[in-house]
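A.B. asks: here's my sequence, what's the structure:
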Amino acid sequence: MLPRSLPVPRTPDSQTAPRLRWGILGTGWIAEQFVRSLQRHTRQVVQAVGSRTLPTAQRAADRWGGATAYGSYAGLVADPRVDVVYIATPHHLHLPNALLAIEAGKHVLVEKPIGLSADEARTMHHAARTAGVFCMEALWTLCLPKYDVIRQLLTDGVLGEPTAVLADIGEAFAADHRILRPDLAGGPLLDLGTYPVMLATWVLGDPDIVQAVGTAATTTINGQLAITLHSPNAVAALHTTLQAVTPTTAVIAGSEATISIERFFYRTGPFALTGRDGARLEFDEPAVDHDALHFEAAEVARCIADGQTGSPLRPMADTVRTLAVMDRIREAVGITFDEAIIARR
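C.D. replies: Prediction:
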């Protein structure tokens, strides 16, 4: 039987998070969304911004309220006023940029995926632990109030034994978008596929079998993937594409109840809990898209203020698990990264 009501989200008000001084490393679209959400919903301070050129950094600093601009990443991480660095550079630069910040003694929040492989995530984790600084993958989904309710349902056993995860994410992109560039580790897996793979590994743990097939978008870039994961008592069926707009919904099925998460399952918005007898409970929250990025920033600020080097909402062990599965997906399909990526590190 379902409970009489759904649990209440335990997510604290982001305005109550301790104030930290942030350095923003990178000035692209996701950095813009992050800073906008940070400034609207938290007391966090955007202290500095770093880019490869000073004019680019200065334009971002002007937009973001007069932060100090640096024309190099090294300049930003050397700023003694910066407490934590948000790394929003292209995927293949996450590891070297994170190591640069960590070696400077800075805490880091690194955009998802935290690296190109599980080995990169392990390297980053080891460096952060050695330096005694905080390190977390910026997988904002798991910091949302909606996912705290789902977390409680899973922990309380409301679903019974989880038996399946079904998840899909698909978007269509212009031909000149960076996701189609082999020199930037393009394709749907890292940008989009992280979300369904994260959901499956979060709910079901490590799979013993990983299978995948795909089709090409260009001669050098994978266009879509159909993925199946097998655990001793459960399966996951996942799909991601950069060639079409797909439902982008998810289902977590259990022996006693099922969670159905509506379109953009990885963002804020509604879901329904349905019991085997058809009883139904619904959760709703405003669908504010990337304006909800502040929840992850507040989580980072609270953890750092408490002296933690990681977050229980997205432990590095979970990040490594997700990337290890993605490594196996790439191997199954034959996806390789452009050699220029390796050369640029």
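A.B. asks: hang on, Arg129 in a strand?
C.D. replies: No: Arg129 is assigned helix when assessed by DSSP: H, G, I helix; E, B strand; the rest coil, not a strand.
A.B. asks: run through the strands of the chain in chain order.
C.D. replies: Along the chain, the segments classed as strands by DSSP state E run 21-25, 45-50, 68-70, 84-87, 107-111, 135-138, 162-170, 209-216, 222-231, 234-241, 250-254, 257-261, 271-275, 280-283.
A.B. asks: what would these look like in a markdown table with distance to Ala57 and mean neighbour count?
C.D. replies: C-betas here are computed from N, CA, C, even on glycine. What follows is the strands of the chain, written out as a markdown table (distance: least, CB to CB, whole Å; neighbours: other CB atoms under 10 Å):
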| stretch | distance to Ala57 | mean neighbour count |
| --- | --- | --- |
| strand 21-25 | 9 | 26 |
| strand 45-50 | 5 | 24 |
| strand 68-70 | 4 | 21 |
| strand 84-87 | 14 | 26 |
| strand 107-111 | 18 | 27 |
| strand 135-138 | 20 | 26 |
| strand 162-170 | 32 | 21 |
| strand 209-216 | 37 | 16 |
| strand 222-231 | 33 | 21 |
| strand 234-241 | 33 | 22 |
| strand 250-254 | 38 | 22 |
| strand 257-261 | 38 | 22 |
| strand 271-275 | 40 | 19 |
| strand 280-283 | 41 | 15 |
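A.B. asks: could you dump these to a markdown table with mean pLDDT?
C.D. replies: Shown next, in a markdown table, are the strands of the chain (pLDDT from 0 to 100):
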| stretch | mean pLDDT |
| --- | --- |
| strand 21-25 | 98 |
| strand 45-50 | 98 |
| strand 68-70 | 98 |
| strand 84-87 | 98 |
| strand 107-111 | 98 |
| strand 135-138 | 98 |
| strand 162-170 | 98 |
| strand 209-216 | 97 |
| strand 222-231 | 97 |
| strand 234-241 | 98 |
| strand 250-254 | 98 |
| strand 257-261 | 98 |
| strand 271-275 | 98 |
| strand 280-283 | 98 |
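A.B. asks: what would those look like in JSON lines with distance to Arg129?
C.D. replies: Compiled in JSON lines, those are given as follows (distance: least, CB to CB, whole Å):
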{"stretch": "strand 21-25", "distance to Arg129": "21"}
{"stretch": "strand 45-50", "distance to Arg129": "24"}
{"stretch": "strand 68-70", "distance to Arg129": "27"}
{"stretch": "strand 84-87", "distance to Arg129": "16"}
{"stretch": "strand 107-111", "distance to Arg129": "12"}
{"stretch": "strand 135-138", "distance to Arg129": "8"}
{"stretch": "strand 162-170", "distance to Arg129": "30"}
{"stretch": "strand 209-216", "distance to Arg129": "28"}
{"stretch": "strand 222-231", "distance to Arg129": "29"}
{"stretch": "strand 234-241", "distance to Arg129": "30"}
{"stretch": "strand 250-254", "distance to Arg129": "32"}
{"stretch": "strand 257-261", "distance to Arg129": "34"}
{"stretch": "strand 271-275", "distance to Arg129": "35"}
{"stretch": "strand 280-283", "distance to Arg129": "36"}
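A.B. asks: closest to Pro3 out of the ones you listed?
C.D. replies: In terms of CB to CB, the element of the strands of the chain nearest to Pro3 is strand 280-283, at 7.6 Å.
A.B. asks: quick check: closest non-adjacent residue to the spatially most central residue of the chain.
C.D. replies: Centroid check for the chain by CA atoms, centre = their mean gives Leu139 as the closest residue, at 2.2 Å. Once flanking residues are discounted, Leu139 sits nearest to Lys112: 4.6 Å by CB to CB, 6 or more residues apart in numbering.
A.B. asks: number of residues surrounding that neighbour?
C.D. replies: Look at Lys112: counted by other CB atoms under 10 Å, it has 22 neighbours.
A.B. asks: could you do Asp13 as well?
C.D. replies: Asp13: 9 neighbours (other CB under 10 Å).
A.B. asks: one step back: between the strands of the chain, which gets nearest to Ala317?
C.D. replies: strand 135-138 (11.2 Å).
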